[in-house]
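> Sequence first, predicted coordinates after that:
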Amino acid sequence: MSEPNLPKDEDYEKLKKRRLDVVSHETDHGDEPDASVLESDGAVMDAPLVPPAILKDRIVQAMKTVYDPEIPVNIYDLGLIYELDVSESGDVLVRMTLTAPGCPVAGSLVQEVHDRVRETLGVRHAKTELVWDPPWTQDNLSFEARLELGLV
C-alpha cells in the first residue's frame, strides 16, 4: 500500500534548500562547497584510544553543554542530534538538524557542536553533518526537555 502524495510546505522547502554558511567543504563533484558538513581531526590526537561506549557518553555530555539560544534546553535533549556513531578508532559521525531551516544561528550552532565533539578526549576525527530530513518536530524532545518547557 503506497502513501498518498502529501502537499509540501513551500516555505519549508525553500528554507531547506538555502545554503548555510557553515564551512567550505568540497563536494564529491568538487565544484561547489557543501555548507552542511564540518570535518576535522580531534583536538588531542595523541590521547589514548577510548572504548566507543565511553567516548559516546563523553560526547553526549559535551553536547548537553550546547544550548539553542532561543530555547532554554540543550541541543541533545531538544532532539537535534539524529545520529551519533563512534568507531573503535575514535572516528565520530554526528548527524544533526535544527528546529527550523531558517534558524538565525544555524552556522554557529553547528560549529559549536562540531567543536565540542572534536575537543572531547578520545576523538581522533570528527564529522558533523547538518540534515533537514526528517524535519524536526516537538516529538523529538526528551522527557526532560518537555518538563523544562512545561509541555508535560
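Yep, it's here. Predicted model, so just to flag it, every value in this text is computed and none were measured. Numbers count the residues shown, from 1 in each chain.

> if I look at the residue most central in space within the chain, how far off is residue 117?
Central residue of the chain (Cα atoms, centre = their mean): residue 96, 2.5 Å from the mean position. Counting by Cβ to Cβ, to the nearest Å, the gap from residue 96 to residue 117 is 10 Å. In this view, the C-beta of every residue, glycine as well, is placed from N, C-alpha and C.

> List the backbone torsions phi and psi for the residue nearest to the centre of the chain.
In terms of degrees, to the nearest 10, the main-chain angles of residue 96 are phi -140, psi 170.

> Surely it is in contact with residue 76?
No: applying Cβ atoms under 8 Å, one finds residue 96 not in contact with residue 76, separated by 9.6 Å.

> picking up where we left off before, can you pull the residues that touch both of residue 96 and residue 117?
residue 128 (Cβ atoms under 8 Å, 6 or more residues apart in numbering).

> State whether residue 129 is indeed within a strand.
Yes: if the criterion is DSSP: H, G, I helix; E, B strand; the rest coil, then residue 129 is within a strand.

> List the contacts of it.
Counted by Cβ under 8 Å, 6+ apart, residue 129 has contacts 36-37, 93-96.

> What is the nearest of the residues you listed to residue 107?
Residue 107 has its nearest neighbour among the contacts of residue 129 in residue 36, at 10.3 Å by Cβ to Cβ.

> how close does that closest one sit to residue 82?
Taking Cβ to Cβ as the measure, residue 36 falls 13 Å from residue 82.

> between those two, who's got more neighbours?
residue 36 (18 against 15; other Cβ atoms under 10 Å).

> Can you tell me the closest non-neighbouring residue to that one?
Excluding its sequence neighbours, the residue lying closest to residue 36 (Cβ to Cβ, 6 or more residues apart in numbering) is residue 130, at 4.1 Å.

> Let me see the confidence value for the one you found.
We have a pLDDT of 95 for residue 130.

> Roughly how far does it sit from residue 110?
Separation of residue 130 from residue 110 (Cβ to Cβ): 5 Å.

> Neighbour count for the two, which is higher?
Counting neighbours by other Cβ under 10 Å for residue 130 and for residue 110 shows that residue 110 has the greater number, 28 against 24.
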